[in-house]
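Asks: Provide a 3D model corresponding to the input given below.
(chains A and B)
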Amino acid sequence: MRKLRVVIAKPGLDGHDRGAKVIARALRDAGMEVIYTGLRQTPEMIASAALQEDADCIGLSILSGAHNHIAPRLMELLREKGLDDVLVVIGGIIPDVDIPKLKEMGIKGIFLPGTPMQDIIEFINANVRARV
Amino acid sequence: MEKQGRWMVGRYNVRCMKTVAETGKARWQQETLEPALKKSPERAASFTTISGRPIETLYTAEDVEGIDYTRDVNNPGVFPYTRGIHPTGYRGKLWTMRQFAGFGTPEDTNARYKTLLKAGGTGLSVAFDLPTLMGRDPDHELSLGEVGKCGVSIMSLADMETLFDGIRLGDITTSMTINSPAAMIFAMYLVVAEKQGADWKKISGTIQNDILKEFIAQKEYIFPPRPSMRLITDIFGFCSERVPKWNTISVSGYHIREAGATAVQELAFTLRDGLEYVQWGVDAGLDVDAFVPQISFFFNAHSDFFEEIAKYRAARSLWAHAMRDRFHARNERSWKLRFHSQTAGVSLTAQQPYNNVVRTALQALSAVLGGTNSLHTNSLDEALALPTAEAATLALRTQQIIAHESGVANVVDPLGGSYFVERLTRDMEDGARAYFKTIDAMGGMVEAIERGFPQQEIAESSYRFQQSFERKEKIMVGVNAFVQQDDPPIEILYIDESTADTQLAKLEALKKTRNHDAVAQALDSLRAAARTTENLMPRIIDAVRAYATVGEMCDALREVWGEYEEVPII
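Replies: Reported below is the predicted structural model:
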């Protein structure tokens, strides 16, 4: 069985990448193949990366409050590209009131500050699509 | 062992060597500590600071041998200023209580400033939104969802006029956290001040203007390092003549620390950044003493109490030595390191948010005991959102309680002479000097950044901390210990999408009413000047007066200089 492939992306203008880098490294140490896109990715760039990299999971790191704009656009693009079975998770600062909306549009995991890395690793392993 | 190299115990030591030997640390460890440990061991196999620095059980006079009081520490107001730059500490003037604030439209933020000033705040500090920080107008693709979210949206001089409406810029000092487009925002401030009738020679405040730490940590860069450095030296040159009381740069360790650096890395990279700016200023033909007194610093007030105090004390000494000995500055004002501090955002927890008030109070206390010149205390709700007015007021009250109730401001450097703090201070200095050497050997900080050196060092420290947090070697109360399930939600500030609509409408209106030819001409001459070595500040001020937007001015320079793209390091 091939390794799980995870695209870690930092959308929007924000450059605070500590969380994205730490999780990228933790997932790599947990045996996953991690592709870190770097900063300032548009939803289009992230969807293309997921397609090119044959990703099983996309992890978005958003701290700026831009999730309500970025998440719907990304989910729409993933559907267009036939990537609706890719697990999408978000880590960052997300107000409670926004969580139901994000879940409804298909973001499976939302991880707030202080979440142990192990929880995220286990969540991805448990929720990623069945692989061939 | 030379007599001069001793600390405090000098006289006692020389006369009573036998007494010292008998009461020496080794003997104490053997005769007193070890039997005690056999009965009941310590709580942990080892004790470390939050940065991972090992801490011994006890510090005694022996730990400060080799530190000479006059040479290495000295009284406040005297080189190398370890104990402070002012002889009277806070007995003369308290630190400036400067609360960083900005959100939504300029109208929203203007109202918050008036609240903070009314509550006894003594300076303003502007937080800009991400499009402004990145030199993009709200109608740019990447501004989607970001307008007014992390700070106030400022597009042109018109917004700046609104931001400071009813606030006399001649009477207050303002700090502006702006880096890549610092020259443009500063130019707007100058024009607003001028319109209010304030004298540029008298106004004071700070622009962060520290691009090196953007490449290292916060990543809000636009242009490549070298033209970015040129913008900064242009500001140095302009201000030394035209705005002499302005702090032209706030060399910042705050973001470096937030990105995961240790205390020593924060100290070392920040001070080395400072040396880089001085070198570039000198290389641009400026006299050291003409611009160095306008350089200030900005440190993180993190959670490890004594390590932080030692960091601030070490910073003053390192800077004084570097300015006098490396750059041969003759003006004492060039030797004195002045700094702002802010409590650690990264230490705030979304869980049990009221605990953040206590964290912030302790962090603020360390900054005060370390001699900070101005201070921002974070609000309890900042792991969740930008602060509400109530939370921001409580944060300010925290400073006022330290200043007026605790008694710590009655005496200068109360921890000076503590064996532990003096030892830590020296260790911090040594650690920073070792980094200076490595970076010097690479050719300087710009070269070190281009090689990804500080970025890599920070990524390592950040991951190491995360691992020790996961193993519960480092505890965050309410997060990996003392967790509670039924956390009641607190009220938070929610920035809705109307800010973007308002700003977009204003932008459209502005573009219809301003003089197109004047804008185009000003931008053309900015572009042309960017290709030469002339000082760009006057060109930028002209463009600002014509109501050119931040995005337009930055685009003009993007066309000439290109944009920086980093190679991400995990």
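Asks: from now on I want contacts and neighbour counts done on CA atoms only, so please keep to that.
Replies: Will do.
Asks: so where's chain A shaky on pLDDT?
Replies: Along chain A, the model assigns pLDDT under 70 to residues A:130-132.
Asks: all strands of it, in order?
Replies: A:5-9, A:33-36, A:57-62, A:87-92, A:109-111 (DSSP state E).
Asks: and if you look at chain B?
Replies: Applying DSSP E to chain B gives strands spanning B:96-101, B:123-127, B:173-177, B:204-207, B:246-247, B:249-252, B:295-301, B:339-343, B:374-376.
Asks: can you pull the contacts of residue B:372?
Replies: Shown in contact with residue B:372 (C-alpha atoms under 8 Å, 6 or more residues apart in numbering or on different chains): B:95, B:312, B:338, B:339, B:340, B:341.
Asks: go again with 7 Å.
Replies: Neighbour list for residue B:372: B:95, B:339, B:340, B:341 [criterion: C-alpha atoms under 7 Å, 6 or more residues apart in numbering or on different chains].
Asks: again with residue B:480
Replies: residue B:472.
Asks: now it, what are its backbone angles?
Replies: phi -120, psi 10 (degrees, to the nearest 10).
Asks: ok, the one 10 residues further on next?
Replies: Summarising the backbone geometry of residue B:490 under the convention degrees, to the nearest 10, its torsions are phi -110, psi 160.
Asks: can you lay out the strands of chain B as JSON lines showing distance to chain A, mean pLDDT and mean neighbour count?
Replies: Converted to JSON lines, those look like this (distance: least, C-alpha to the nearest C-alpha, whole Å; pLDDT from 0 to 100; neighbours: other C-alpha atoms under 10 Å in any protein chain shown):
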{"stretch": "strand B:96-101", "distance to chain A": "15", "mean pLDDT": "88", "mean neighbour count": "24"}
{"stretch": "strand B:123-127", "distance to chain A": "13", "mean pLDDT": "91", "mean neighbour count": "22"}
{"stretch": "strand B:173-177", "distance to chain A": "15", "mean pLDDT": "94", "mean neighbour count": "20"}
{"stretch": "strand B:204-207", "distance to chain A": "20", "mean pLDDT": "95", "mean neighbour count": "20"}
{"stretch": "strand B:246-247", "distance to chain A": "25", "mean pLDDT": "96", "mean neighbour count": "24"}
{"stretch": "strand B:249-252", "distance to chain A": "15", "mean pLDDT": "98", "mean neighbour count": "28"}
{"stretch": "strand B:295-301", "distance to chain A": "16", "mean pLDDT": "97", "mean neighbour count": "26"}
{"stretch": "strand B:339-343", "distance to chain A": "17", "mean pLDDT": "97", "mean neighbour count": "25"}
{"stretch": "strand B:374-376", "distance to chain A": "20", "mean pLDDT": "95", "mean neighbour count": "24"}
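Asks: neighbours around residue 26, how many?
Replies: Answering for chain A, as no chain was given. Close neighbours of residue A:26, defined as other C-alpha atoms under 10 Å in any protein chain shown, add up to 20.
Asks: was after chain B, sorry
Replies: Residue B:26 - counted by other C-alpha under 10 Å - has 13 other residues nearby.
Asks: so how far is chain A from it?
Replies: For residue B:26, the distance to chain A equals 41 Å [C-alpha to the nearest C-alpha, to the nearest Å].
Asks: ok, residue B:416 - contacts?
Replies: B:83, B:422.
Asks: one more time with 10 Å
Replies: B:73, B:74, B:75, B:82, B:83, B:310, B:313, B:369, B:370, B:422, B:425 (C-alpha atoms under 10 Å, 6 or more residues apart in numbering or on different chains).
Asks: narrow those residues to those in helices?
Replies: In this view, the contacts of residue B:416 that belong to helices under DSSP state H are B:310, B:313, B:369, B:422, B:425.
Asks: check chain A and tell me which residue is nearest its centre.
Replies: In chain A, the centroid-proximal residue (C-alpha atoms, centre = their mean) is residue A:59; its distance is 1.5 Å.
Asks: just list whatever residues bridge to that one.
Replies: residue A:8, residue A:89 (DSSP bridges).
Asks: touching, it and residue A:121? I think so.
Replies: No. The pair residue A:59 / residue A:121 is not scored as a contact, 11.3 Å apart, by C-alpha atoms under 10 Å.
Asks: please identify every residue contacting each of those two.
Replies: Joint contacts of residue A:59 and residue A:121 (C-alpha under 10 Å, 6+ apart) are residue A:23.
Asks: tell me who's in contact with the residue positioned nearest the centre of chain B.
Replies: With distances taken as C-alpha atoms, centre = their mean, the residue of chain B nearest its centroid is residue B:298 (2.3 Å). Counting by C-alpha under 10 Å, 6+ apart, residue B:298 touches B:208, B:249-255, B:270, B:338-342, B:372-375.
Asks: for residue B:393, give me its contacts.
Replies: Counting by C-alpha under 10 Å, 6+ apart, residue B:393 touches B:99, B:115, B:116, B:119, B:120, B:121, B:377, B:379, B:387.
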